[in-house]
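Chemist: Dropping the sequence and predicted coords here.
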Amino acid sequence: MKEFSIDTWFRKYLILLLSIATLIYALFMPDASSMLSDYWRLLTHQTYLMHDFFAIGGVSATFLNVSLHFLIAFLLMRERETFRYNGLQIASIGIFVGHSFFGTHPLNFLPIIFGIWLYVKYTGQDFSRNASICLFSASNGPIVSFILFNNGFSFKSFMLAMVFAIIIGLIAVPLAEHMIKFHQGFTLYNFGFTAGIIAMFAVLFFPLLNYEVKSVTYLSEHAHTYTLIYVMLILTLLLVLAVVGHKSSPLYREEYSRLIDSSGRVPADFVTRFGYGVSAMNMFFNGSIYLALILLTNYPINGSVIGGLISVIAFSAFGKHPRNTLPIAVGVILATLLNGGAFQSQAFVLPLLFGSSLAPIAGQFGFVYGILAGFLHYHLVNSVFVLHLGMNLYNNGFSSGFVAAFLVPILELLPDSWVRK
Amino acid sequence: MKIIDEQDKAKRILKELAGYYFDNGICNFDINIEFNSKALTITIAGDIEEEPKSFKSLMKDLSLPRQIDIDEYYNALLGSHTHYHDDYCLLGEAIDEVEGKFENQRLTIKLVRKQ
């Protein structure tokens, strides 16, 4: 089965096209005239949770940042001539771009990638094999920004930030590979959990350096229209890719049925297993469902929310589908109801979006246990924040690692008749 | 370090294959391994009266194209199969070639992983 029109040309240049298209989109924003000065403000600002870039730098500068993220992802991924984007790469690009709305920019993640490059050279590996991890590792970028600017920029703060960044890069790959054993692949955000561990240890040094992390929340409401249009454009693109894929594959429905039936436990590479067309359809469906859920809450799509939506879409090429994500959503909704929480709040929408990382639990064990996972996740996610002080953008990913590691051994004790086969 | 890594991978692949045979009630099987600087070749063969129902699904999973970055990143999961998990896609993405057949009540699988 060969999806000629997608596989030949788009696979090489789609990410670059998205970068260019996003830049053009940025230029059409109402604050485009001050894009560069706004972007400088964004680059020199703190970025730990929660700094919505729309609130810090405005709409145009934020989309410029997104465009740069697409460009850097393209440059990192194109090293291998025979490259064909698989599900993991699409997922990593998605979460990387998602974080560009509320935490990462080239100044704070490129030094970390340099650290990974040093690790790869030290171990004699091929750098292109670790391109996805480079993108995931950007989630610790706030540590770099914090050290650079917390006490004012200086040569000392620059050197210290670089030391932290390089160390993070050096340890990221081996840590990520080992952390999988903790949760056994039942959270899709393995690096989110790893980044949380890294951040947790990094902040231990902050008191020694006389650093104090003040709790802040910068959230935008004015970007909703632009973010909504942007997400809908991405969903439209996916629909087009799905339709093209459908026309070139006689087994489309059968393959999609198999995709939905899969558990989603990592590594659930939908692109390699089922093809681009089927994966694009899944990304469209899942993305649309979650967009609808967000719109139902009437909560404005700010930087973190669009970041979450893009991560759901991207990971729908690598583990997530409606059958295994919706139980998690039900669990989060139930937890919110029982706690008297508001649906129109960050405390609800972020666990709703990022909690879908626990999809493999629902996929493997069934609907009820997916609800349980979502329920536990909602309650745990606020507790783990204090461990890293917001220096890990993947707070929900960090939480999901604990939920998976706790639940799965218990669920595996259950009789076969009590769980989904 | 690379040879050690590849030997570690060979052990994990063996564990996956042995797990499949045990899970399908094949408790007596022969294993042949060739490991050199060019490739790892594993052949496993055991007797069973009927072809396992999961065999076609297994071959489909093992026929997936090799995905080096996935193989590297999720290395720790290879060999961690439980009876819940009948998905061998990670193993398929860790190897380059596979042949499988059921003939004369003997189930044979041959895998090749190039260095």
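Modeler: Ah, there it is. Numbering: from 1, shown residues only, chains lettered A, B, ... in the order given.
Chemist: Dead centre of chain B: give me the residue that sits there.
Modeler: The residue lying closest to the centre of chain B (Cα atoms, centre = their mean) is B:Leu17, at 4.2 Å.
Chemist: Name all residues that make contact with that residue.
Modeler: Neighbouring residues of B:Leu17 by Cβ atoms under 8 Å, 6 or more residues apart in numbering or on different chains: B:Ile31, B:Ile42, B:Ile44, B:Leu91, B:Ile109, B:Leu111. Glycine gets a C-beta too; all of them are placed from N, C-alpha and C.
Chemist: among the residues you listed, which one has the lowest pLDDT?
Modeler: For the contacts of B:Leu17, the minimum pLDDT belongs to B:Leu91; the value there is 93.
Chemist: From the rest of the structure, what touches the worst-scoring helix or strand of chain B on mean pLDDT?
Modeler: Taking mean pLDDT, DSSP states H and E as the measure, the helix or strand of chain B with the lowest value is helix B:68-73, at a mean of 85. Residues from elsewhere that reach helix B:68-73 (Cβ under 8 Å, 6+ apart): A:86, A:88-89, A:125-126, A:128-133, A:176-177, A:267, A:269, B:78, B:90, B:93-94.
Chemist: Make a ChimeraX selection of the buried ones in those residues.
Modeler: Selecting only the buried members of those in ChimeraX, with burial defined as 16 or more other Cβ atoms under 10 Å in any protein chain shown, works like this:
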select /A:86,88,89,125,128,129,130,131,132,133,176,177,267,269 /B:78,90,93,94
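Chemist: Give the other helices and strands that the helix or strand harbouring A:Val332 contacts.
Modeler: Per DSSP states H and E, A:Val332 falls inside helix A:322-338. Contact partners of helix A:322-338 among helices and strands, from 3 or more Cβ pairs under 8 Å, 6 or more residues apart in numbering or on different chains; DSSP states H and E: helix A:252-261, helix A:276-297, helix A:346-354, helix A:359-365, helix A:367-388.
Chemist: List the buried residues in stretch B:62-79.
Modeler: Using 16+ other Cβ under 10 Å as the burial criterion, the residues of stretch B:62-79 that qualify are B:62, B:64, B:67, B:69-79.
Chemist: Show me which residues of the helix of greatest length in chain B are buried.
Modeler: Of all segments of type helix in chain B, defined using DSSP state H, the longest is helix B:2-23. By neighbour count on 16+ other Cβ under 10 Å, the buried set for helix B:2-23 is B:Lys9, B:Ala10, B:Arg12, B:Ile13, B:Leu14, B:Glu16, B:Leu17, B:Ala18, B:Gly19, B:Tyr20, B:Tyr21.
Chemist: Could you dump the residues you listed into JSON lines and include distance to A:Leu389?
Modeler: What follows is the buried residues of helix B:2-23, written out as JSON lines (distance: Cβ to Cβ, whole Å):
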{"residue": "B:Lys9", "distance to A:Leu389": "38"}
{"residue": "B:Ala10", "distance to A:Leu389": "43"}
{"residue": "B:Arg12", "distance to A:Leu389": "37"}
{"residue": "B:Ile13", "distance to A:Leu389": "42"}
{"residue": "B:Leu14", "distance to A:Leu389": "44"}
{"residue": "B:Glu16", "distance to A:Leu389": "40"}
{"residue": "B:Leu17", "distance to A:Leu389": "46"}
{"residue": "B:Ala18", "distance to A:Leu389": "46"}
{"residue": "B:Gly19", "distance to A:Leu389": "42"}
{"residue": "B:Tyr20", "distance to A:Leu389": "46"}
{"residue": "B:Tyr21", "distance to A:Leu389": "49"}
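Chemist: which two from those end up farthest apart in space?
Modeler: With distances taken as Cβ to Cβ, the most widely separated pair in the buried residues of helix B:2-23 is B:Lys9 and B:Tyr21, at 19.0 Å.
Chemist: After the least confident helix or strand of chain B, which helix or strand is next?
Modeler: helix B:89-92.
Chemist: Touching the helix or strand just after that next one from outside, list them.
Modeler: The element immediately downstream of helix B:89-92 (helix or strand, assigned by DSSP H and E) is strand B:97-103. Applying Cβ under 8 Å, 6+ apart, the contact partners of strand B:97-103 are B:48, B:51, B:55, B:58-59, B:62-63, B:92, B:107-112.
Chemist: For strand B:97-103, which strands pair with it and how are they oriented?
Modeler: Each strand pairing with strand B:97-103, determined using DSSP bridges, is listed with its direction: strand B:106-114 (antiparallel).
Chemist: Residue ranges in chain B under the pLDDT threshold?
Modeler: Counting by pLDDT under 70, the low-confidence segments of chain B come to B:1-4, B:81-85.
Chemist: what's the nearest residue to residue 49 if we skip its chain neighbours?
Modeler: Picking chain A for this. Counting by Cβ to Cβ, 6 or more residues apart in numbering or on different chains, A:Leu49 lies nearest to A:Gly390, which is 3.4 Å off, once chain neighbours are set aside.
Chemist: meant chain B actually
Modeler: B:Gln105 (5.8 Å).
Chemist: Look at that neighbour and say how many residues are nearby.
Modeler: Residues lying near B:Gln105 (other Cβ atoms under 10 Å in any protein chain shown) number 11.
Chemist: Could I get the contacting residues of it?
Modeler: B:Asp47, B:Ile48, B:Glu49, B:Glu50.
Chemist: Could you identify which of the residues you listed has the most neighbours?
Modeler: For these, neighbours were counted by other Cβ under 10 Å; the highest total belongs to B:Ile48, with 18 neighbours.
Chemist: In contact with that residue, which residues?
Modeler: With contacts taken as Cβ under 8 Å, 6+ apart, B:Ile48 has the following neighbours: B:Asn24, B:Gly25, B:Ile26, B:Phe102, B:Gln105, B:Arg106, B:Leu107.
Chemist: Also A:Asn190?
Modeler: If you count contacts by Cβ under 8 Å, 6+ apart, A:Asn190 has them with A:Ala176, A:Met179, A:Ile180, A:His183, A:Val266, A:Gly401.
Chemist: quick one: which of the contacts of B:Leu17 is nearest A:Leu413?
Modeler: Each of those was checked against A:Leu413 using Cβ to Cβ; the closest is B:Leu91, at 25.7 Å.
Chemist: which residue packs closest to residue 32, ignoring adjacent ones?
Modeler: Since no chain was named, I'll use chain A. Spatially, and ignoring its direct neighbours in sequence, A:Ala32 is nearest to A:Ser60 (4.4 Å; Cβ to Cβ, 6+ apart).
Chemist: meant chain B actually
Modeler: Here the residue nearest B:Asn32, using Cβ to Cβ, 6+ apart, is B:Thr43, at 4.5 Å.
Chemist: So what are the sheet partners of the helix or strand harbouring that neighbour and their directions?
Modeler: When elements are defined using DSSP H and E, B:Thr43 is found to belong to strand B:39-47. In the sheet containing strand B:39-47, the strands it pairs with under DSSP bridges are strand B:29-35 (antiparallel), strand B:106-114 (antiparallel).
Chemist: okay if I get those as a markdown table plus distance to A:Phe284 and mean neighbour count?
Modeler: What follows is these, written out as a markdown table (distance: least, Cβ to Cβ, whole Å; neighbours: other Cβ atoms under 10 Å in any protein chain shown):
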| stretch | distance to A:Phe284 | mean neighbour count |
| --- | --- | --- |
| strand B:29-35 | 44 | 13 |
| strand B:106-114 | 35 | 18 |
